[in-house]
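Trainee: please find the sequence and the predicted model below.
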Amino acid sequence: MPTAHRVLSAILAAADCAMVQTDLSGTILSWNPGAERLIGFAAGEVVGQSIACIIPADRRGELDDLMRRIGAGQSTDPFETEIRGKVRDAVAVTMAVASVTDPEGRPAGAVWTARDRMDAEQANAALRRSDARWQAIVESAVDAIILIDRRGVIESFNASAERMFGYRAGEVIGRNVTVLMPEPYASEHDQYMGRYLRTRERRIIGIGREVTARRKDGTTFPAHLSVGECHLNDEAKFTGIIRDLTERVSLEVRLREESGLVRIGELAAVLAHEVKNPLAAVSGAVQMLGDHLTSDEDREIVGEILRRLDGLGTLMTDLLLYARPPRPSPIDVDVGGLLRALVAFFQSDPAWHRLAVTIDGTDVRLAADPELLKVALQNLLLNAAQAMKGQGEVRVTVTAADGLVHLDVVDQGPGIPPDVREKLFTPFFTTKSRGTGLGLATVRRIAEAHRGQVTILESGRAGTTMRLTLPVSSHGPNWRSS
Ligand SMILES: Nc1ncnc2c1ncn2[C@@H]1O[C@H](COP(=O)(O)OP(=O)(O)OP(=O)(O)O)[C@@H](O)[C@H]1O
Ligand SMILES: [Mg+2]
C-alpha cells in the first residue's frame, strides 16, 4: 500500500466521527470504525451498498441535492441533518460532504463525515451547567472574589465583594483594582504588577498576606488577600480572594486590652488600700489644721492642698470604678427620670451654665443597674460638654426598637479625629490635660456588663454622636441574677 494510503487508513481508523467514502453514484467504498459506532452497521454490511441506505425516507430530496453537488465537484459546509442507523431510525448529526477528484481534477466521488449532535449538545449543556455551578459557588462565597487582567482592570466582582467594599459590580468592572486600596498601596500596585510580569518575582501571588483594603466610602479595613494566576484564552489573569479581618483584628486588640485590664485591676486594688484611706486621713488632718489658720493667704494655700487631694481622691475612685468588674444589680429603670436627675445635677455646676441640654423621647423603661447607668451617661455627657468647651447644645435622644434601647448623646463639638477614634476606648488614653482617659473605657465595661455596647454613631465637623445601646430586658448570659 502506498504511504499516502496507509496514512489515510490510519486517519480514518482514528477519527472519532463517521467517515464514509462513496463514488459519484453514491456507492459506499469505505466505512470507518467511527461510522460503525455512530450508525451501527459494520463495514461488511454496507460497503458496496448505496449511501441511500442510511438516509431516512423523508430526506431523499436532500440526498438527491447532495448527489448533484458531488457530481458538480462541490463540497458543503457542515449542516444539521439526520441519518438512519441500524438501531435508531433517526440519529441527529452534523454532516459535511467533501468532493473527491481524480488525478485530472474531475469529480470522482465524496467523503461524508458525520458527528453525533447529541454529543456536542450534551457537552454544551454540561459546560453551561458547570458554568452555572461555578457562578453559584463564586457568588455564594463568603470571601470576596475578584478577577483582574494583567493591567489590573477588574473583570468580575462577586456578591461578597459588593458587600465588603460597598460597590455594585457594575460600578467597578472595567476600573483598575487600585480603587480598592488606600494610598500608598494603590500607587505601588502598578509597579508591583509590572515587576511581577517582568521578573516573576512573587511577593503576594501564590502566597497571600495581610493588607489594608478601601471601601467605596473611603474607610479602610484589614484584610487577608491571596492572589492566584491563571490563563484564560492565553491571557494572564489574576484572581484575588479577600477575607475581611476586621473582627479578628478587633478581637486581638480587645484581648490585648483585656490582659492589660487584669493587671490594672490588681494594681487598683492595691492602690485603693494603700492610697485612698491615708489620703482621706491626710485630707481630714489638713482641714483641721486649716481651721486654726488665721491669715487668708495661708487658708488659700490649704484650700489648694485640699483641692489637689480631692483630685487625687477622684482619680482613685475612677480607677476603682474602672478596674473592678462592674456587677450590675438590674432593676426597672425609668430612663427619662434618670436622665433628668442627672442633667439637673450637672446644671447646678456653674461650668454648665452656658450649655443647653435637651432630652428627647424619654418614655422608655429598661432593666439596668441605675448607679452604673448613671456613671456611663455621666461620662458621655461630660465628654460632650468638654468637646464643646462648656458652650452650646447637648441633645440626648432615647429610642427603643427590637428589644434594645439606644441612648444617643449628641454634641456640637469638633468631632473625633481618626487617630483618636482608634484609641478612644483604650484605658488611660486622653487628649485632655486633666483627663484620666478612663471615661469611655468605663462606659464600655458598664455597657458590656449589661449585654450592651457603646459606639461612635457619627463624628464629624458638625459634632459627635455617641450611642449607648442596652437591652430592654435583663434575661441574658451576661446578667448576674440580682
Ligand atoms: N464627644 C467627644 N468629642 C470629641 N472627642 C471626644 C469625645 N468623647 C471623647 N473624646 C476623645 O476621647 C478621649 C477619651 O475619652 P475618655 O472619656 O475615655 O477620657 P477623657 O475624657 O480624656 O478623660 P476622663 O473621662 O477619664 O476624664 C478624650 O480625651 C477625647 O479626646
Ligand atoms: Mg471623659
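Mentor: All right, it came through fine. Residues are numbered from 1 along each chain as shown. Ligands and ions are numbered 1, 2, ... in the order given.
Trainee: residues near Leu309, how many?
Mentor: Each residue near Leu309 was counted by other C-beta atoms under 10 Å, and the total is 17. Where you see a C-beta, it was placed from the backbone N, CA and C, and this is true even at glycine.
Trainee: what about stretch 285-298, how long is it end to end?
Mentor: 15 Å (C-alpha to C-alpha, to the nearest Å).
Trainee: just stretch 9-28 next, same as before
Mentor: Start-to-end span of stretch 9-28 (C-alpha to C-alpha) is 16 Å.
Trainee: give the buried residues for it.
Mentor: 12, 17-22, 24, 26, 28 (16 or more other C-beta atoms under 10 Å).
Trainee: pick out the most distant pair among the residues you listed.
Mentor: Cys17 and Leu24 (22.9 Å; C-beta to C-beta).
Trainee: where does the stretch 101-250 of the chain dip in pLDDT?
Mentor: 202-207 (pLDDT under 70).
Trainee: change it to 90
Mentor: Counting by pLDDT under 90, the stretch 101-250 of the chain has low-confidence residues at 101-103, 105, 115-143, 148-152, 178, 181-212, 218, 223-243, 245-250.
Trainee: mind listing the helices for it?
Mentor: 117-140, 159-165, 169-172, 185-199, 246-271 (DSSP state H, counting those that start in this stretch).
Trainee: adding mean neighbour count, write these out as a markdown table.
Mentor: Converted to a markdown table, those look like this (neighbours: other C-beta atoms under 10 Å):
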| stretch | mean neighbour count |
| --- | --- |
| helix 117-140 | 11 |
| helix 159-165 | 19 |
| helix 169-172 | 15 |
| helix 185-199 | 13 |
| helix 246-271 | 13 |
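Trainee: about what we covered before: which one of the buried residues of stretch 9-28 is nearest Glu422?
Mentor: Closest to Glu422, out of all of the buried residues of stretch 9-28 and judged by C-beta to C-beta, is Cys17, at 68.1 Å.
Trainee: for the closest residue to ligand 1 within the stretch 151-300 of the chain, give me its contacts.
Mentor: The minimum distance from the stretch 151-300 of the chain to ligand 1, using C-beta to the nearest ligand atom, falls at Glu257 (12.8 Å). Applying C-beta atoms under 8 Å, 6 or more residues apart in numbering to Glu257 gives the contacts 425-427.
Trainee: state the pLDDT value of it.
Mentor: Per-residue pLDDT puts Glu257 at 73.
Trainee: distance check, the residue most central in space within the chain against Asn176.
Mentor: In the chain, the centroid-proximal residue (C-alpha atoms, centre = their mean) is Met164; its distance is 3.1 Å. According to C-beta to C-beta, to the nearest Å, Met164 and Asn176 sit 18 Å apart.
Trainee: name the helices or strands packed onto the strand or helix carrying Gly303?
Mentor: Using DSSP states H and E, Gly303 sits within helix 296-323. Packing partners of helix 296-323 (3 or more C-beta pairs under 8 Å, 6 or more residues apart in numbering; DSSP states H and E): helix 246-271, helix 277-292, helix 439-449.
Trainee: lowest average pLDDT across these?
Mentor: helix 246-271 - the lowest mean pLDDT of those, at a mean of 74.
Trainee: can you give me the angle that helix makes with helix 439-449?
Mentor: Taking axes from the mean of the first three to the mean of the last three C-alpha atoms, to 10 degrees, one finds helix 246-271 and helix 439-449 inclined to each other by 110 degrees.
Trainee: starting at the chain centroid, how far to stretch 392-410?
Mentor: For stretch 392-410, the distance from its own C-alpha centre to the chain's C-alpha centre is 30 Å (C-alpha atoms, centre = their mean, to the nearest Å).
Trainee: now do stretch 360-378
Mentor: For stretch 360-378, the distance to the chain centre is 35 Å (C-alpha atoms, centre = their mean).
Trainee: flag every buried residue along that stretch.
Mentor: Within stretch 360-378, the residues that count as buried by 16+ other C-beta under 10 Å are 364, 366-370, 372-378.
Trainee: again with stretch 410-421
Mentor: 410-413, 415-416.
Trainee: likewise for stretch 169-182?
Mentor: For stretch 169-182, by 16+ other C-beta under 10 Å, it's 172, 176-178, 180-182.
Trainee: thinking again about what came up before, ok, for the residue nearest to the centre of the chain, nearest residue in space, not its chain neighbours?
Mentor: Spatially, and ignoring its direct neighbours in sequence, Met164 is nearest to Ala144 (4.7 Å; C-beta to C-beta, 6 or more residues apart in numbering).
Trainee: need the contact list for that neighbour.
Mentor: Contacts of Ala144 (C-beta under 8 Å, 6+ apart): 157-158, 160-161, 163-165, 240-244.
Trainee: ok so, going back, in the helix holding Gly303, what counts as buried?
Mentor: In helix 296-323, counting by 16+ other C-beta under 10 Å, buried: 302, 305, 309, 315-316, 318-319, 321-323.
Trainee: same question for stretch 102-118.
Mentor: Per 16+ other C-beta under 10 Å, stretch 102-118 contains these buried residues: 107, 109-117.
Trainee: list just the nearest of the buried residues of helix 296-323 to ligand 2.
Mentor: Set against ligand 2, the nearest of the buried residues of helix 296-323 by C-beta to the ion is Asp318 (9.6 Å).
Trainee: the closest one reaches Thr442, doesn't it?
Mentor: Yes. Applying C-beta atoms under 8 Å as the test, Asp318 and Thr442 come out as touching, 7.4 Å apart.
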